[in-house]
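Colleague: Coordinates for the following, if possible.
(one chain, ligands or ions: 1)
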Amino acid sequence: MASPSASTIVWLRDDLRLDDNPALLHAVDIGRPLTVVYILDEESPGVRPLGGAVRWWLHHSLVSLDAALAKAGSTLVLRRGPAGDVIRRLAKETGAQHLLWNRRYGGPERAVDAGIKAWAAENGIEAQSFQANLLHEPWTITTGSGGPYKVFTPFWRACTAAGEPRTPLDAPGRLPSPGSHAGTGPGQVDSDALADWALLPVSPDWSGGLARTWQPGEAGAHSRLDDFLAGPLEDYGTGRDVPGVEGTSRLSPHLRFGEISPFRVWHEIRLRYPREATPDVGIFRSELGWREFCWQLLYANPQLATRNYRPEFDRFDWQEPTAAELEAWQQGSTGYPLVDAGMRQLWQTGWMHNRVRMAAASFLVKNLLADWRLGEAWFWDTLVDADSASNPANWQWVAGSGADASPYFRIFNPVTQSKKFDAEGRYLREFVPELAGLDGKAIHEPWKDHDMKDYPAPMVGLPESRERALATYQKLKDQLDS
Ligand code: FAD
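Modeller: Numbering: from 1, shown residues only. Presented below is the predicted three-dimensional model:
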């Protein structure tokens, strides 16, 4: 039986929302004074410090969450430090009897949560966790022999066979008030000032393009979903491959921060297509499936960002790029318009179209033969949707070292790709304005027949670098066979 002064802590992490938030709703049911906390933890062992673009997003998302909580009669407490220590302290300050959170799946994060659960049990505090951020808990979707899936198609088939995802839960109208905590004045526990976390970039402030492109927070997430449902979803199967149009949902950073739940996305689609899903809807759902697949890969392989999923790639002969070569790729001056447009889109907006991500990544790991970890680290720092599952899983997919990976000999040709998916050069013109004057044909290969003054010549030849990549791969195969 809880004491009259017992209170509840809801610890929000990658679930910065009120809608479909089981931990928060459970706190309402308990009905005790409530403390909602977000902890900036970059100190617990193994936790990866956030990249720059994600820090920008987090700042704005917390501002938005704070406002939403205030509207519901609550408040957001910000704390910084190793989460285990912070929670222990906060529980003491508030006299917490209940500790609630929605689950996360990275190795170091799970270790932190398990430590807190054990401590709570020893101290008579009820710690409870909920499923909120994945449609299927990774440990529930297993192969016949009980292990994790290594191939996407049977994984997704098993997910589908597991039944329809649950109906999302509506946001609570009113949250229990914070109550009064001893020694800190009525209704208050100390909170850091968000500005002191210095999440926003200064000198230089490179965030202008991000601010023009995105609206971090729950309202922004729902408005993205509405826009997507009202248009692009209908033609998603084709539109998703065309970088020059808004053919995809652009929900990735909102899902990354849990500003919208995958259950909500799934449900809204079901409401729109109540009878039978169209092929386009099926393709979109399977993209959500790729997200689930990446997380179950990380769950089973916590070192996904640092170790080859396929250990034979430990012997692959990656070539260390020079600083100038790496910088040319990062800054979008490789001389290949599609790669450059993608890398500049990433720098300017914190996001890159999926097809271009594949082409830009393939260029780095195959044409330049650079270790995929170099690219993964750059994306980690610059993507607003960078997450510890999808980023390494996709890099390893492109490199051939990952699960269900693209075969190594599949080397994206950036010229063929832009001719096919950006035939008129709309995307190229937007992000590589030096090429804007070229016509639809010439823009894909500006070095041909044009004396380009302000655009670089290709940094490597495509046929030679392709041959070199294939020979390096063959060398690995020969080593393994001998
Ligand atoms: P949509 O096409 O609208 O898809 C809907 C949702 O499905 C996405 O928001 C995303 O959550 C999920 N999804 C789609 N494709 C994938 C995929 N291949 N893998 C996992 N989930 C997927 N996605 C991230 O969310 N974070 C990353 O850090 C990330 N890094 C990537 C790195 C590389 C090298 C590559 C090739 C892809 C990466 N992706 C990553 C996957 C994909 O490019 C993005 O999810 C997608 O471009 C996001 O745009 P969208 O929301 O409009 O996608």
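
Colleague: Enumerate the residues of the stretch 351-482 of the chain near the ligand.
Modeller: Residues of the stretch 351-482 of the chain lying near the ligand by Cβ under 6 Å from any ligand atom: 354, 357-358, 361, 379, 383, 385-387, 390-391, 394-395, 398. (Each C-beta comes from the backbone N, C-alpha and C, glycine too.)

Colleague: Which members of these define the maximum pairwise distance?
Modeller: Across those, the longest distance by Cβ to Cβ is 17.3 Å; it joins 358 and 387.

Colleague: Show me which of those two is the more surrounded one.
Modeller: residue 387 (22 against 19; other Cβ atoms under 10 Å).

Colleague: Verify the contact between the more buried one and residue 257 for me.
Modeller: No - applying Cβ atoms under 8 Å as the test, residue 387 and residue 257 come out as separate, 9.2 Å apart.

Colleague: Can you work out which residues contact both of these two?
Modeller: Here residue 387 and residue 257 have no joint contacts, going by Cβ atoms under 8 Å, 6 or more residues apart in numbering.

Colleague: in the chain, which spans are strands?
Modeller: 7-12, 34-40, 76-80, 96-102, 126-130 (DSSP state E).

Colleague: Could you save the residues of the stretch 351-482 of the chain next to the ligand as CSV and add columns showing pLDDT?
Modeller: Shown next, in CSV, are these (pLDDT from 0 to 100):
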residue, pLDDT
354, 98
357, 98
358, 97
361, 98
379, 98
383, 98
385, 98
386, 98
387, 97
390, 98
391, 98
394, 98
395, 98
398, 96
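
Colleague: from those, which single one is nearest residue 41?
Modeller: Once Cβ to Cβ is applied, the member of those that ends up nearest residue 41 is residue 387, at 15.8 Å.

Colleague: what about the closest residue to that closest one other than its chain neighbours, distance to the ligand?
Modeller: Leaving aside its sequence neighbours, residue 387 sits nearest to residue 256 (Cβ to Cβ, 6 or more residues apart in numbering; 5.0 Å). Separation of residue 256 from the ligand (Cβ to the nearest ligand atom, to the nearest Å): 6 Å.

Colleague: got the contact list for residue 256?
Modeller: 14, 54, 57, 384, 385, 386, 387.

Colleague: can the longest helix along the chain be found next to the ligand?
Modeller: Longest helix of the chain, by residue count under DSSP state H: helix 279-300. Yes - Helix 279-300 reaches the ligand (Cβ under 6 Å from any ligand atom) through 287, 288, 290, 291, 294.

Colleague: Would you mind pulling up the elements that that helix packs against?
Modeller: helix 152-161, helix 236-239, helix 262-272, helix 390-399 (3 or more Cβ pairs under 8 Å, 6 or more residues apart in numbering; DSSP states H and E).

Colleague: Looking at those helices, spot the one closest to residue 336.
Modeller: Of those, the one closest to residue 336 (Cβ to Cβ) turns out to be helix 390-399, at 15.8 Å.

Colleague: Now do the closest one: distance to the chain's middle.
Modeller: 12 Å (Cα atoms, centre = their mean, to the nearest Å).

Colleague: coming back round to it: now the residue nearest to residue 387: how far from residue 230?
Modeller: Residue 256 is 23 Å from residue 230, where distance means Cβ to Cβ, to the nearest Å.

Colleague: Provide a list of residue ranges in the chain with pLDDT below threshold.
Modeller: 1-5, 180-187 (pLDDT under 70).

Colleague: mind giving me the domain split of this protein?
Modeller: 1-132, 134-167+218-300, 311-481 (automatic domain parsing).
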